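Student: Kindly generate the corresponding structure for this input.
(2 chains)
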Amino acid sequence: MAPLEPMQSLAFSWGSHVCLFYSGPQQLRRFMSTYFDAGIESGARCILISAEHLTQKQVESALSGFPSAKTLLRTDQLRVIPYDDWYLYGGRFDSDHALESAHRQAEEAHKDGFAGLRVLGDFGWLRTAEERRNFVEYERLVSRHIEQGRLVGLCAYPASCWNPDAMLNVMESHHQLILPSAAGWKRCRMV
Amino acid sequence: MRRRREQSHGHSVHFYESGRELQRRVGSYLNEGILSGASVLAICTTGARLVLAETLGVTATGTDGVKRYTALDSRAFLPGVMKGQTPNWPAFRKSLAPLLAAAAAEDRPVRIYGDIVAQLWAAGAPGAALELEEFWNRLASYHPFQLLCGYPLSLFRNRPADLFLETCGTHDEVLVNAA
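Tutor: Next up is the predicted model:
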C-alpha cells in the first residue's frame, strides 16, 4: 500500500482527473488549501467551482485554510466561479457548455502566462439521484478532455449524498481517488 | 550470477456484481501470473476454487512445466488467522510465510487472490476485514507480492459510505469495470 502523503503536498501530473469524497466543509477546506498550494507552486492558475453563489465573505470563509488566497484572488491566479456559470445553460446542466467552460479557462490561463490550470469542482449542487447519474456520464467525457491538456481536475463530492454503487461509478470515471485521513492523503489509482 | 527479479507490491480491489464477472477477472489475473513465471495462490471458497481450477487447468503449470498454482480453502484458512473475532498478526504471517519464502527462494514473483476479507465482511465484521487488509499491506513489507481482493458490491449496500471508502483506502488500486 502506498504510504500516506503528507498534508503539505499533493502533486498531480497534467492530465489527471481525480475524485474525492469529503465528509464535511471543514475537510474540504483543508484539502482545498493543500491542493491549491501545490497548484500555485506549479505555476498553475487555480479555480474553485463553488457549489453555490458565494458572497465575498463566504469566499473568504471557503478559502480560510489557504492563507495567500486574498493576494492570489487579486492577482487573478485564483478564481472562484459559481457552478451554474460553469455547468448550467438555460438553467439546466449542459455537458457541452461545461466542456466549453473548461476549454475557455484553459486557453485564458495559457494566454495569461500560467503553466496550466488546476480546477477543483465542489459537486454539492447535485441534488437528485437523477442529476448525479447524468453527471457521471459527463465525468467520463471530461476524463478524455483533461487527458489532452495542461489541466488537473479534481471533483469533490459530499460523501453523504452517494451510495457505494454510485461512488464506484464516479471512481470509474476518474484516474485516481484521493482519500483524506487525519494524518495525510491516501491515493488509489483506477485501473 | 543469476539476476534477482524485481517484485513490486501491488494491492488491488475488485468490487463485483456477479460471480461470473469476478471469475473472469480473477482467472485472467492468475493466468497472467502463471504465464509470467509467478507462483500463484488463491485463497477462496470451494466454488471459486473449482471454477479457477477449470479456468487455469487443474495442474496450472507454467511454461516450464512446473506447477505454479496453490489453492487454499478460505473458510478453513480464516479461523487459523483469527484470535476470537480479531485477526491475529503472528498467526497470519506464519500461515503465509512458508509459501512466500519458497517463492522468494526460487526468485519468483508471487501473485495472490483472496476472498477472506470479503468473508469477514459477509460475517458482519467489517472492522476485522479492514484490519486484515492492513495485515496484507504489512506482510508485503517482508515479502513483496501482488494481491487482488474481491468484494461483492452488495456487501456495502445499506452500510455507511465511510466503510466503502475505507476499504478502497487500504488498496493501491481499484479495478475498474470495462464499459
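
Student: now the helices for chain A?
Tutor: A:25-41, A:56-62, A:69-74, A:83-87, A:95-111, A:129-147, A:164-172 (DSSP state H).

Student: Near chain B, which residues of chain A are found?
Tutor: A:1-2, A:21, A:23, A:140, A:159-160, A:162-165, A:167-168, A:171-172, A:177, A:179, A:181, A:186, A:188-191 (Cβ under 8 Å from any Cβ of the partner chain). Where C-beta positions appear, they are placed from N, C-alpha and C, glycine not excepted.

Student: Only the buried subset of the residues you listed, as a PyMOL command please.
Tutor: Command for PyMOL that selects the buried part of these, burial taken from 16 or more other Cβ atoms under 10 Å in any protein chain shown:
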select buried, chain A and resi 1+21+159+162+164+167+168+171+172+177+179+186+188+189+190
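
Student: Least confident secondary structure element in chain B?
Tutor: Ranking every helix and strand in chain B by mean pLDDT, DSSP states H and E puts helix B:46-56 at the bottom, with a mean of 88.

Student: For chain A, give me the ranges with low pLDDT.
Tutor: Counting by pLDDT under 70, the ranges of chain A that qualify are A:1-9, A:182.

Student: May I have the beta-bridge partners of the spatially most central residue of it?
Tutor: Nearest to the mean C-alpha position of chain A, counting by Cα atoms, centre = their mean, stands A:Leu120 at 1.9 Å. For A:Leu120, the beta-bridge partners are A:Leu48, A:Leu154 (DSSP bridges).

Student: Touching, it and A:Leu48? I think so.
Tutor: Yes - at 5.3 Å, A:Leu120 counts as touching A:Leu48 under the criterion of Cβ atoms under 8 Å.

Student: Give me the common contacts of these two.
Tutor: Among the neighbours of A:Leu120, those also in contact with A:Leu48 (Cβ atoms under 8 Å, 6 or more residues apart in numbering or on different chains) are A:Met32, A:Phe36.

Student: buried residues in stretch B:130-145?
Tutor: Result for stretch B:130-145 [16+ other Cβ under 10 Å]: buried residues B:Leu130, B:Glu131, B:Leu132, B:Glu133, B:Phe135, B:Trp136, B:Asn137, B:Leu139, B:Ala140, B:His143, B:Pro144, B:Phe145.

Student: how many other residues sit next to A:His174?
Tutor: 25 (other Cβ atoms under 10 Å in any protein chain shown).

Student: returning to what we had before: let's see which of the buried residues of stretch B:130-145 end up in helices.
Tutor: Short answer: the buried residues of stretch B:130-145 in helices (DSSP H) are B:Leu130, B:Glu131, B:Leu132, B:Glu133, B:Phe135, B:Trp136, B:Asn137, B:Leu139, B:Ala140.

Student: could the residues you listed go into TSV alongside distance to chain A and pLDDT?
Tutor: Below are those laid out as TSV (distance: Cβ to the nearest Cβ, whole Å; pLDDT from 0 to 100):
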residue	distance to chain A	pLDDT
B:Leu130	12	96
B:Glu131	13	97
B:Leu132	13	97
B:Glu133	8	96
B:Phe135	11	97
B:Trp136	8	96
B:Asn137	4	94
B:Leu139	11	95
B:Ala140	7	93
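
Student: Looking at the residues you listed, which is nearest B:Gln119?
Tutor: B:Leu132 (9.7 Å; Cβ to Cβ).

Student: Once you drop chain neighbours, what's closest to the closest one?
Tutor: B:Pro87 (4.5 Å; Cβ to Cβ, 6 or more residues apart in numbering or on different chains).

Student: The one you found and B:Glu133 touch, don't they?
Tutor: No - if you go by Cβ under 8 Å, B:Pro87 and B:Glu133 don't touch, sitting 9.4 Å apart.

Student: low pLDDT regions in chain B?
Tutor: Using pLDDT under 70, the flagged stretches of chain B are B:1-8, B:58-66, B:178-179.

Student: and chain B, which residues reach chain A?
Tutor: Residues of chain B lying near chain A (Cβ under 8 Å from any Cβ): B:9, B:11-12, B:15, B:134, B:137, B:140, B:153, B:156-157, B:159, B:161-162, B:164-166, B:168-177, B:179.

Student: What's the separation between the closest residue in space to A:Ala106 that isn't next to it in sequence and chain B?
Tutor: Of all residues not flanking A:Ala106 in the chain, A:Leu117 sits nearest, at 5.0 Å (Cβ to Cβ, 6+ apart). A:Leu117 is 25 Å from chain B, where distance means Cβ to the nearest Cβ, to the nearest Å.
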